[in-house]
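Enquirer: here is my input; please provide its structure:
(4 chains)
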There are 2 protein chains.
Amino acid sequence: MSSNVTLKQIAEALGISAMTVSRVINNKKNVDEKTRKKVLEKAKSMGYTPNYLAKSLVSNKSFTIGVVVPEISHSFFPEVIRGIEEVAYQENYQLILTHSAEDAEREKAAIETLRSKRVDGIMISCSQFTSDLSYFEELRSSGLPVVFFDRCMDEAGFSCVGVDDKAAAKKITQHLIDHGYKKIAHLKGAQGLSIGRRRLEGFIEAMSENQLEIADEWIVESGLQEKGGFEAMMKLLDLPEDKRPRAVFAINDPAAFGAIEAIRERGLVIPDDIAIVGFSDDIRAELLPVPLTTVHQPAYEVGKKAAETLLSIINGENESVENIEVLTQMKIRSSCGVH
Amino acid sequence: MSSNVTLKQIAEALGISAMTVSRVINNKKNVDEKTRKKVLEKAKSMGYTPNYLAKSLVSNKSFTIGVVVPEISHSFFPEVIRGIEEVAYQENYQLILTHSAEDAEREKAAIETLRSKRVDGIMISCSQFTSDLSYFEELRSSGLPVVFFDRCMDEAGFSCVGVDDKAAAKKITQHLIDHGYKKIAHLKGAQGLSIGRRRLEGFIEAMSENQLEIADEWIVESGLQEKGGFEAMMKLLDLPEDKRPRAVFAINDPAAFGAIEAIRERGLVIPDDIAIVGFSDDIRAELLPVPLTTVHQPAYEVGKKAAETLLSIINGENESVENIEVLTQMKIRSSCGVH
DNA sequence: TTGTACGCGTTATCAA
DNA sequence: TTGATAACGCGTACAA
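Expert: Just a heads-up that it's a prediction; the model follows:
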């Protein structure tokens, strides 16, 4: 077992008080130079490591931030985490990383654990199935600083850092429209989630402004993963040929990948038979046989901004509940049929 | 600020002792049913959250594991982290994730912070420039459970969980040899790192066993990133044409990607002019214009195994220092000229 | 069944 | 400059 050296032990070994040792370790002024040296040497030789648990217990401050993500593997979240970590590192905070695995209950449990570990704040990107608003209202009343990122619960009363989902969705839909597509479908995400709702809104707004029909059967829920995209696309492909859309805007790239697989399986060609665009600019998007037109999300920036927002709340520099949008960029490739 | 409710506050509100409340919260037997109910209700209404800091201080156990990775973004580490997280989650441990950004000093600092936060164990994947063995010896003498994964310091006396680097390197080199290549170069990694050394060993062994020449100028240090791969490959391409290798085994896929870029820039064709193979099966490998032959590393498995190993040490079920190798799988694609 | 005393490692406060 | 004491929130050990 790892036996840890304490201030008291150093003090005893030196025949002085623990308080003096503490003062030395924390670089306080009022310590005799000789004593200081003696203590530092002893601390080193005994292999002293300060106990932040005890420190935190006293100061009610842990310099730890909790992060809750719904998935870890794909390209977006690791990049966000890197952004968070960078900011945290600069400010001497550490990250407790938890993973909800798209499970709302696991997400709740993770948040409770983080609270128990007395993190100074929490950053949450919701699972696809998160819907219990009352839980977040309770969390809010606890006073713990919380910031959502990417996948937010809008009504929860916490700040949200994401991208300009609605504007970008509208823009990429408009791009399809500008190039002659009229029959456009949307693979949508859960409507409890900010991104699901906002991207759908952007799609609808673009269609409406151009007086295009938004057929009910052309808005299909796919969720955010490949499998859902595949299944949703299959539904569209099962429509009678004259009712079939000529273009598809998928809620995100993984859903688009699934849809592409479905289209390929049916022997149809992208973009000739069906055009498709995604959202997120997954690392694989530009490497596909038919590179995917999509919206680039500056994930690292989202992470940084979210961490900065949380830290400003923790430091009491910021009271307001904000909706912060990092700007995206369209990536026109060939899957939309327009180079 | 978030004012946290304590056992004592609940006790006072109920006119009983904190100890009784503690017993209820921890589901101890000897509590009157009525008291239990009363306490649970009060705890809920007051929004009680147990303070694990205090608990850990007493029990000398934090149920927290420190993880140190050299990079976060690419496909390998997120997948490893997911594996670690999964095991940790099952056993009710949380992860403090730290990032050395390939900086040996930052790595040391991260480990020290983790010790201060009294993690129950640490999992480390070294930076490319880690070389201070004495630091790890000190760490070892502290008795804190430590496991290396993927990038290990062999002499440090800690267990190491990785893949069968040497065997796999030998096998993929042999694959090139079997298909007629004789002039084969290797883009190597830092020799302070297990993977750098082992993959080079595998390469050399395959070449030697086939009595093939290992020219000094054909073993070039590239490091583990794209940029280094590009530069190293450029050196090879600058050799007089008759001294130029016909095939290249890159230490990992990112280095291979850089090398491929260099080859392309010189107007040469893969695999016709130069064949290339990598290591790691990056998510992009199979999507390249000429899909990359490489070695698939089961990253998730490595993470799981490493976490299991660490937990077994923490639980005192395992004393021995082991070298655990998860088996890889060759992915033959077209960059090696053999389908 | 319930309560009291004490200690975990640290620091703020006040006294010497 | 240094030291004694109390407190942070909790649980163990013991007593009532």
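Enquirer: C-alpha from now on. contacts and neighbour counts both.
Expert: OK.
Enquirer: how about the residues of the stretch 201-339 of chain A by DNA strand C?
Expert: The stretch 201-339 of chain A comes close to DNA strand C at no residue, as judged by C-alpha under 7 Å from any atom of the strand.
Enquirer: which residue does the stretch 201-339 of chain A bring closest to chain B?
Expert: Residue nearest to chain B within the stretch 201-339 of chain A: A:Leu287 (5.4 Å; C-alpha to the nearest C-alpha).
Enquirer: what sits against the closest residue to that residue other than its chain neighbours?
Expert: Nearest residue to A:Leu287, sequence neighbours excluded (C-alpha to C-alpha, 6 or more residues apart in numbering or on different chains): B:Leu287, at 5.4 Å. By C-alpha atoms under 8 Å, 6 or more residues apart in numbering or on different chains, the contact set of B:Leu287 is A:Arg284, A:Leu287, A:Leu288, A:Pro289.
Enquirer: what does stretch A:114-125 rub up against?
Expert: Contacts for stretch A:114-125 (C-alpha under 8 Å, 6+ apart): A:61-70, A:96, A:111, A:144-152, A:306-307, A:310, A:314, B:49-53.
Enquirer: among those residues, name the ones in strands.
Expert: Among the contacts of stretch A:114-125, the members falling in strands (DSSP state E) are A:Thr64, A:Ile65, A:Gly66, A:Val67, A:Val68, A:Val69, A:Ile96, A:Val146, A:Val147, A:Phe148, A:Phe149.
Enquirer: rewinding a little: on the pLDDT front, check the residue of the stretch 201-339 of chain A closest to chain B for me.
Expert: Among the per-residue scores, A:Leu287 holds a pLDDT of 94.
Enquirer: gap between it and DNA strand D?
Expert: A:Leu287 sits 52 Å away from DNA strand D, going by C-alpha to the nearest atom of the strand, to the nearest Å.
Enquirer: do you know how far that residue is from A:Pro298?
Expert: According to C-alpha to C-alpha, to the nearest Å, A:Leu287 and A:Pro298 sit 19 Å apart.
Enquirer: do the same with A:Lys44
Expert: 44 Å.
Enquirer: in the stretch 101-250 of chain A, which spans are strands?
Expert: In the stretch 101-250 of chain A, the strands defined using DSSP state E, counting those that start in this stretch lie at A:121-124, A:146-149, A:159-163, A:184-188, A:219-221, A:247-250.
Enquirer: just give the number of residues close to A:Leu237.
Expert: By other C-alpha atoms under 10 Å in any protein chain shown, the residues close to A:Leu237 number 18.
Enquirer: list the contacts for it?
Expert: A:Arg244, A:Ile263.
Enquirer: point me to the residue of the stretch 51-200 of chain A nearest DNA strand D.
Expert: As assessed by C-alpha to the nearest atom of the strand, DNA strand D sits closest to A:Val58 within the stretch 51-200 of chain A, at 3.7 Å.
Enquirer: quick one: pLDDT of that residue?
Expert: Note on A:Val58: pLDDT of 95.
Enquirer: now do A:Lys108
Expert: Per-residue confidence for A:Lys108 comes out at a pLDDT of 97.
Enquirer: ok, it - contacts?
Expert: Going by C-alpha under 8 Å, 6+ apart, A:Lys108 touches no other residue.
Enquirer: how much space separates it from chain B?
Expert: Separation of A:Lys108 from chain B (C-alpha to the nearest C-alpha, to the nearest Å) stands at 13 Å.
Enquirer: low-confidence stretches in the stretch 201-339 of chain A?
Expert: Across the stretch 201-339 of chain A, the ranges flagged by pLDDT under 70 are A:338-339.
Enquirer: how near is A:Lys37 to chain B?
Expert: Counting by C-alpha to the nearest C-alpha, the gap from A:Lys37 to chain B is 21 Å.
Enquirer: give me the residues contacting stretch A:17-36.
Expert: Residues contacting stretch A:17-36 (C-alpha under 8 Å, 6+ apart): A:Leu7, A:Lys8, A:Ile10, A:Ala11, A:Glu12, A:Val39, A:Leu40.
Enquirer: so can I have JSON lines of those residues showing secondary structure?
Expert: Converted to JSON lines, those look like this (DSSP: H, G, I helix; E, B strand; the rest coil):
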{"residue": "A:Leu7", "secondary structure": "helix"}
{"residue": "A:Lys8", "secondary structure": "helix"}
{"residue": "A:Ile10", "secondary structure": "helix"}
{"residue": "A:Ala11", "secondary structure": "helix"}
{"residue": "A:Glu12", "secondary structure": "helix"}
{"residue": "A:Val39", "secondary structure": "helix"}
{"residue": "A:Leu40", "secondary structure": "helix"}
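Enquirer: the more surrounded of A:Lys44 and A:Pro298?
Expert: Neighbour comparison, A:Lys44 and A:Pro298: the larger count goes to A:Pro298, with 19 against 11 (by other C-alpha under 10 Å).
Enquirer: shouldn't that one be in contact with A:Lys305?
Expert: No: if you go by C-alpha atoms under 8 Å, A:Pro298 and A:Lys305 don't touch, sitting 10.6 Å apart.
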